[in-house]
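Colleague: make a model of this:
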Amino acid sequence: MEAAIKDQKHCCPELPKPRSFWQRIADRLAALVATHRPATPPEKSVAFTIAVIALGAKLAKADGTVARSEVAAFRRVFIIPRSEEKNAARVFDLARQDVAGFDAWARRIARMFPPGDPVLADVVEGLFIIAVADTDLHEAEIVFIDEVARIFGLPPEQVATIRARHDRRQGCPSCEVLGITPDTPLPEARRRWRELVRENHPDRALARGLPPEAIRLAEARTRALNEAWDNFRNMHKAYPA
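Modeller: Sure, this is the predicted structure:
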């Protein structure tokens, strides 16, 4: 029997370990850096990951510096296993190289998805999360994100709603988040809130087969909607019509 086991080991050499998700992304970006040619559009999960990494790395430098808080925000957007942090950092550094402008990255990403695909809004949401991580939303970052959103074909009002969830300097953040005006009747505002919660519920992202990062963004949107509704309702209670 021992001889048989030895023969089996001899004829069946140990296979190499499969490359991890982050290693595959790093390899793809490395190939893109080396060739300056567009990569074959990957499956949506990888496309979403590459989008936030590439654009996020460039956005972090849009205001001239890459703050630690922005890198930390990047880590919050992505669920990165400790064992993969080195590969993720390599991806971030590769994407930050000036192979092409951010607009070229945005156009490449836009071609990966049909017009109006919710993933495109997810990418813009991730960019805002990174942009406000250092507490200030700089003009250069606003221009950057607005241009990405334009390339993605997102309506300005949708971008304004996304921005309102993260930029607290705007006049009525709760109204912007819910897409209503300050004088909207409470029952109408409630209907709008419920509609948006249904549209942005994490279960919908899960049903679309999106990665955990996208589901986390959906969870963040739902929290922002609930917070906006609570604030708007309290405002009406404090200042009844």
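Colleague: could you list the domains of the chain?
Modeller: As recorded under automatic domain parsing, the domains making up the chain are 21-170, 171-241.
Colleague: what ranges do the helices span in this structure?
Modeller: 2-11, 21-35, 44-60, 68-77, 85-96, 102-112, 118-131, 139-152, 156-164, 173-178, 186-200, 202-207, 212-238 (DSSP state H).
Colleague: quick one on the thing from earlier: and the domains of the chain, which one averages the lowest pLDDT?
Modeller: Mean pLDDT across these is lowest at domain 21-170; the value there is a mean of 72.
Colleague: buried residues, stretch 113-124. List them.
Modeller: 113, 117-124 (16 or more other C-beta atoms under 10 Å). Quick note: C-beta positions are derived from backbone N, CA and C, even for glycine.
Colleague: in stretch 187-199, what's buried?
Modeller: 189, 192-193, 196.
Colleague: for these, which one is nearest residue 144?
Modeller: Ranked by distance to residue 144 (C-beta to C-beta), the buried residues of stretch 187-199 are led by residue 196 at 25.9 Å.
Colleague: what's the distance between the closest residue to residue 58 other than its chain neighbours and residue 59?
Modeller: Distances taken as C-beta to C-beta, 6 or more residues apart in numbering place residue 102 nearest to residue 58, at 4.4 Å, with adjacent residues excluded. Between residue 102 and residue 59 the computed distance is 7 Å (C-beta to C-beta, to the nearest Å).
Colleague: overlap in contacts of those two?
Modeller: residue 144 (C-beta atoms under 8 Å, 6 or more residues apart in numbering).
Colleague: which ones are touching residue 191?
Modeller: By C-beta under 8 Å, 6+ apart, the contact set of residue 191 is empty.
Colleague: residue 109 touches residue 124, doesn't it?
Modeller: No - counting by C-beta atoms under 8 Å, residue 109 does not reach residue 124; the two are 10.7 Å apart.
Colleague: overlap of the contact sets of the two?
Modeller: With C-beta under 8 Å, 6+ apart, residue 109 and residue 124 have common neighbours residue 152.
Colleague: tell me who's in contact with residue 162.
Modeller: Taking C-beta under 8 Å, 6+ apart, one finds 121, 124-125, 128 in contact with residue 162.
Colleague: I meant residue 159, not that one.
Modeller: Applying C-beta under 8 Å, 6+ apart, the residues near residue 159 are 124, 145-146, 149.
Colleague: weed out the non-buried ones from those residues.
Modeller: 124, 145-146, 149.
Colleague: how about residue 202, nearest residue that isn't a chain neighbour?
Modeller: residue 218 (4.2 Å).
Colleague: same check on residue 236?
Modeller: Nearest non-adjacent residue to residue 236 (C-beta to C-beta, 6+ apart): residue 186, at 5.2 Å.
Colleague: so what's the residue count around the one you found?
Modeller: Residues near residue 186, counting by other C-beta atoms under 10 Å, number 14.
Colleague: same question, residue 156
Modeller: 10.
Colleague: go on, residue 151?
Modeller: Counted with other C-beta under 10 Å, residue 151 comes out at 18.
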